[in-house]
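Asks: fold the following, please.
(chains A and B)
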Number of protein chains: 2
Amino acid sequence: MKPVNAVDELIEALRCLPGVGPKSAQRMAFHLLQHDPAGAQRLGAALARALASVRRCARCNTFTEEEVCALCASPKRDPSALCIVETPADLATMEQTMAYRGHYFVLMGRLSPLDGVGPHEIGLDRLLARATDGAVKEVVLATNFTNEGEATAHYIGEMLRDRGLRITRIARGIPVGGELEYVDAGTLAQAFYERRPA
Amino acid sequence: MKPVNAVDELIEALRCLPGVGPKSAQRMAFHLLQHDPAGAQRLGAALARALASVRRCARCNTFTEEEVCALCASPKRDPSALCIVETPADLATMEQTMAYRGHYFVLMGRLSPLDGVGPHEIGLDRLLARATDGAVKEVVLATNFTNEGEATAHYIGEMLRDRGLRITRIARGIPVGGELEYVDAGTLAQAFYERRPA
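Replies: Below you'll find the predicted structure:
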């Protein structure tokens, strides 16, 4: 059914947001119209600007307005390390840790053959060129610990094997502050198998 | 901190939506940019259209693009009944029941003196004129069963008393399909006090 009036059209349009169903969309539309027209104005402008100017970084594939993103262009980052993440959100999370000072490559997805996402769709040809450009010494695989994330990490590990690179995977185990009693059995089993000298 | 780039600006702007925190806003922004630029385009256009054209119905106070909303203008609605709700969302919920065929008045809020919302802010002067226009015979109070909604219903009931109108309040009680075991004590007590001949 095609929405006919502006309010219904706005409610319908808000449903393109992930996690927003009909009830939330209605609540959002009424909130914007009644309490925050300035916010709605700002949101409209931000959408227009982002659509017009955001593209992919030529080096790391994340979102940026420049040819090369600020992080890739920064002289303060260690050029010998390349961390591979699935999404810009993962990159942002990794940056929040302040634990890593190297560069990134953002896959913008993960291998998922059933959904038609193969090596080309997540830019593995570009990743290969980037990882073997001579400056990179270590590649850190930081894809998710889901089945698809693990398969992607494995595939990339195989692709980069025997090229003189150190290939590492971020550690799996008990979360910091975690209590064994509340950790699922699979995680605890892995933490046991991958135990390290204390 | 002022966001400097288009992606951060979009994330920040999305936070004007109710119930959207920093994590959800980031997820929404990345989703729109990566998977649904067409949806983002549509959302931007819908926001612009709504901001430009949506105003309040001259009769019932709900959102509309016309001078008088479609429901108020409809000859199929019963002009002798006027249902008073707090928000357009409540109006929409009431309409879904298909139980009511009269007109509405939307307060766009509730009495809340501590927040500076008095009778004038929720248009009670306009409501008084509307309810006493001669056509209305029954006023159905359908504000929420919160403290403020109850106080608002009480205030409106007093305001319209002795004007030859039948004033009713939607029923309080056990939800349809509800089990006594899982109903809170306050609701069950009210359902008992307000018991009716079977």
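Asks: in chain A, where is pLDDT below threshold?
Replies: A:1-3 (pLDDT under 70).
Asks: tell me who's in contact with the residue nearest to the spatial centre of it.
Replies: For chain A, A:Thr87 is the residue whose C-alpha lies nearest the centre (Cα atoms, centre = their mean; 1.4 Å). When contacts are counted by Cβ atoms under 8 Å, 6 or more residues apart in numbering or on different chains, A:Thr87 touches A:Val106, A:Leu107, A:Met108, A:Gly109, B:Phe30, B:Gln34. C-beta: built from backbone N, CA, C; applies to glycine.
Asks: now with 10 Å?
Replies: Applying Cβ atoms under 10 Å, 6 or more residues apart in numbering or on different chains, we find A:Thr87 in contact with A:62, A:93, A:106-110, A:143-144, B:26-27, B:30-31, B:34.
Asks: and if you look at A:Ala151?
Replies: Here A:Ala151 is in contact with A:Arg110, A:Leu111, A:Ser112, A:Pro113, A:Thr143 (criterion: Cβ under 10 Å, 6+ apart).
Asks: go again with 7 Å.
Replies: By Cβ atoms under 7 Å, 6 or more residues apart in numbering or on different chains, the contact set of A:Ala151 is A:Leu111.
Asks: secondary structure element for it?
Replies: helix A:147-160 (DSSP states H and E).
Asks: mind listing what's buried along that helix?
Replies: The neighbour-count check on helix A:147-160 (16 or more other Cβ atoms under 10 Å in any protein chain shown) flags A:Glu148, A:Gly149, A:Glu150, A:Thr152, A:Ala153, A:Tyr155, A:Ile156, A:Gly157, A:Leu160 as buried.
Asks: grab the nearest non-local neighbour of the fifth one.
Replies: Excluding its sequence neighbours, the residue lying closest to A:Ala153 (Cβ to Cβ, 6 or more residues apart in numbering or on different chains) is A:Leu141, at 4.2 Å.
Asks: cool, and the second one?
Replies: For A:Gly149, ignoring the flanking residues on the chain, the nearest one in space by Cβ to Cβ, 6+ apart is A:Thr143 at 3.9 Å.
Asks: next helix or strand past the lengthiest helix in chain A?
Replies: When chain A is parsed with DSSP state H, its longest helix is helix A:37-53. Sequence-wise, the next helix or strand downstream of helix A:37-53 (DSSP H and E) is strand A:55-56.
Asks: and that following strand, does that touch chain B?
Replies: No. For strand A:55-56, no contact with chain B is found by Cβ under 7 Å from any Cβ of the partner chain; the gap never falls below 9.5 Å.
Asks: identify the residues contacting the residue nearest to A:Gly149.
Replies: Per Cβ under 7 Å, 6+ apart, neighbours of A:Thr143: A:Ile84, A:Val85, A:Glu86, A:Arg110, A:Gly149, A:Thr152, A:Ala153.
Asks: before we move on, what SS does it have?
Replies: Here A:Thr143 is recorded as coil under DSSP: H, G, I helix; E, B strand; the rest coil.
Asks: hang on, the earlier thing: just the contacts of A:Thr87: which are in helices?
Replies: A:Thr93, B:Gln26, B:Arg27, B:Phe30, B:His31, B:Gln34.
Asks: between those, which is closest to A:Leu71?
Replies: For those, the minimum distance to A:Leu71 (Cβ to Cβ) is 14.0 Å, reached by A:Thr93.
Asks: now do the strands in chain A.
Replies: A:55-56, A:63-64, A:78-85, A:102-106, A:138-141, A:166-169 (DSSP state E).
Asks: for those, could you give me TSV that also reports distance to A:Ala48 and mean neighbour count?
Replies: Converted to TSV, those look like this (distance: least, Cβ to Cβ, whole Å; neighbours: other Cβ atoms under 10 Å in any protein chain shown):
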stretch	distance to A:Ala48	mean neighbour count
strand A:55-56	15	15
strand A:63-64	16	23
strand A:78-85	28	20
strand A:102-106	24	23
strand A:138-141	36	20
strand A:166-169	40	15
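Asks: can you list these in JSON lines and add distance to A:Gly177?
Replies: JSON lines is the format used below for the strands of chain A (distance: least, Cβ to Cβ, whole Å):
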{"stretch": "strand A:55-56", "distance to A:Gly177": "36"}
{"stretch": "strand A:63-64", "distance to A:Gly177": "32"}
{"stretch": "strand A:78-85", "distance to A:Gly177": "23"}
{"stretch": "strand A:102-106", "distance to A:Gly177": "26"}
{"stretch": "strand A:138-141", "distance to A:Gly177": "23"}
{"stretch": "strand A:166-169", "distance to A:Gly177": "22"}
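Asks: so for B:His120, which of those strands sits nearest?
Replies: Closest to B:His120 of these is strand A:63-64 (Cβ to Cβ; 47.5 Å).
Asks: sheet partners, orientation included, of the closest one?
Replies: Using DSSP bridges, the strands paired with strand A:63-64 in its sheet are strand A:55-56 (antiparallel).
Asks: list of residues touching the partner strand?
Replies: Applying Cβ under 7 Å, 6+ apart, the contact partners of strand A:55-56 are A:Phe63, A:Thr64.
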